[in-house]
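Visitor: output the structure for:
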Amino acid sequence: MRKKLAKILYKMKDVTQLLNMTVYTVRHYTDSGLVPNVKRDENGNRLFDETALNWLKAAQFLRGCGLSVAEVHHYFTLCQRGPATIQERAAIIQAAQAATTRRLAALQQQVAVLDDRAQHYQAIIAGTTQDDSNPEDWDPRKLC
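Guide: Numbering: from 1, shown residues only. Here you go, the predicted structure:
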């Protein structure tokens with residue numbers, strides 16, 4: 001017979017440190033229904049078990065991917081409904097993947113422009129080119 005381990009319950013302060021989230025964010029996520037069955041102590045303070053931490057981590061990740069709180073809530077609702085929602089959940093993840101890929105391409109373009117600007121500054125500092133580093137002198141074709 002397997003011995004059931006006691007569940008560890010984390011207080012708000014522990015959760016904010018473990019997940020690097022603000023108290024405001026954790027409260028907002030729990031109040032928005034992103035964490036099912038939030039437990040509370042005798043004083044009404046939120047208590048989090050490992051399952052609750054997983055919901056918070058998933059919310060944090062999906063928000064970082066650009067989903068709104070409402071979109072994350074919808075996705076989590078679908079997750080709780082089970083396998084019948086797999087197609088819709090897959091579509092949400094694929095849309096987030098496409099949006100993230102577009103943001104990545106934009107960031108790569110920004111890095112390329114910054115690399116160019118940094119090299120240009122080095123040439124100015126070395127005295128091999130004139131100082132045309134103010135934005136009014138930038139070539140707008142290089143910023144796109």
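Visitor: I'd like the distance between the residue nearest the centre of the chain and residue 42.
Guide: In the chain, the centroid-proximal residue (C-alpha atoms, centre = their mean) is residue 64; its distance is 1.5 Å. The spacing between residue 64 and residue 42, counted by C-beta to C-beta, to the nearest Å, is 34 Å. All C-beta spots, glycine's among them, are computed from the backbone N, C-alpha and C.
Visitor: name the helices or strands packed onto the lengthiest helix in the chain?
Guide: The longest helix of the chain (DSSP state H) is helix 86-126. Contact partners of helix 86-126 among helices and strands, from 3 or more C-beta pairs under 8 Å, 6 or more residues apart in numbering; DSSP states H and E: helix 69-81.
Visitor: what is the orientation angle of the helix it packs on with helix 86-126?
Guide: 140 degrees (axes from the mean of the first three to the mean of the last three C-alpha atoms, to 10 degrees).
Visitor: okay, helix 69-81 in CSV with CA atoms only?
Guide: Output of helix 69-81 as CSV, limited to C-alpha atoms (Å, rounded to 0.1, in the frame of the first residue of the first chain):
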residue,chain,number,x,y,z
VAL,A,69,-5.8,37.0,-19.7
ALA,A,70,-9.2,36.3,-21.3
GLU,A,71,-7.5,34.1,-24.0
VAL,A,72,-5.6,32.2,-21.3
HIS,A,73,-8.8,31.7,-19.3
HIS,A,74,-10.5,30.4,-22.4
TYR,A,75,-7.6,28.0,-23.1
PHE,A,76,-7.6,26.8,-19.5
THR,A,77,-11.4,26.3,-19.6
LEU,A,78,-10.9,24.1,-22.7
CYS,A,79,-8.2,22.1,-20.9
GLN,A,80,-10.5,21.4,-18.0
ARG,A,81,-13.2,20.2,-20.4
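Visitor: remind me which helix or strand residue 30 belongs to.
Guide: In the assignment (DSSP states H and E), residue 30 maps to helix 23-31.
Visitor: measure the nearest residue to residue 62 once chain neighbours are set aside to residue 59 for me?
Guide: Spatially, and ignoring its direct neighbours in sequence, residue 62 is nearest to residue 72 (4.8 Å; C-beta to C-beta, 6 or more residues apart in numbering). From residue 72 across to residue 59, the span is 5 Å (C-beta to C-beta).
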